[in-house]
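S.K.: Have a look at this fold, sequence not included:
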């Protein structure tokens, strides 16, 4: 059974992602690995209003009969846990970062906080929207996250790892703030 503290983290981080505009109403997903299980948001969950029914338990290795109820990106989450052994994963669709991922192979924040928190952010160019669950995407994302806290899947969004959901949320939020600055800076350079 999902403990109260873990459920509260799902609820709070899901709401923060939505209120910050890092996901649309039914996009993105969250997961936590505890003991011998992965807790992940179900497919189509509304992150801004997560209920206990929106968080389901799946086997870390799979396949599991309940996999079809989990987020379509369960494959990526499993690959990250397998490769890194992290405690939590946040997948979001930050607008400015996603836009820049279609224009650049790597994002380098121009603001000091963004550079300090993120360093360079690699853009994985495998798959498109709706294919993030493919094994190739899962491998590329998990391999990149061995070296970085966050990665962008070109034209799709970010995957961040952390010991907790809050730790994985931090680079997600920082990436979008830095991408906002970078987008507007690059726009001024083009004038």
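M.R.: In hand now; what should we look at? Bear in mind that the values here come from a model prediction, so they are computed numbers and not experimental data. Numbers count the residues shown, from 1 in each chain.
S.K.: wait, what's in contact with residue 97?
M.R.: 107, 121, 152, 157-158, 175-176, 179 (CB atoms under 8 Å, 6 or more residues apart in numbering). Backbone N, C-alpha and C define where each C-beta goes, glycine included.
S.K.: Need the nearest residue in space to it, chain neighbours excluded.
M.R.: residue 179 (4.0 Å; CB to CB, 6 or more residues apart in numbering).
S.K.: How far off centre is the helix or strand hosting the one you found?
M.R.: Using DSSP states H and E, residue 179 maps to helix 165-189. Relative to its chain's centre, helix 165-189 lies at 14 Å (CA atoms, centre = their mean, to the nearest Å).
S.K.: got the end-to-end distance for stretch 26-37?
M.R.: End-to-end distance of stretch 26-37 (CA to CA, to the nearest Å): 24 Å.
S.K.: and it, what's its mean pLDDT?
M.R.: Mean per-residue pLDDT for stretch 26-37: 94.
S.K.: Identify the residue nearest the geometric centre of the protein.
M.R.: Central residue of the chain (CA atoms, centre = their mean): residue 91, 1.9 Å from the mean position.
S.K.: Tell me the spacing between that residue and residue 115.
M.R.: For residue 91, the distance to residue 115 (CB to CB, to the nearest Å) stands at 23 Å.
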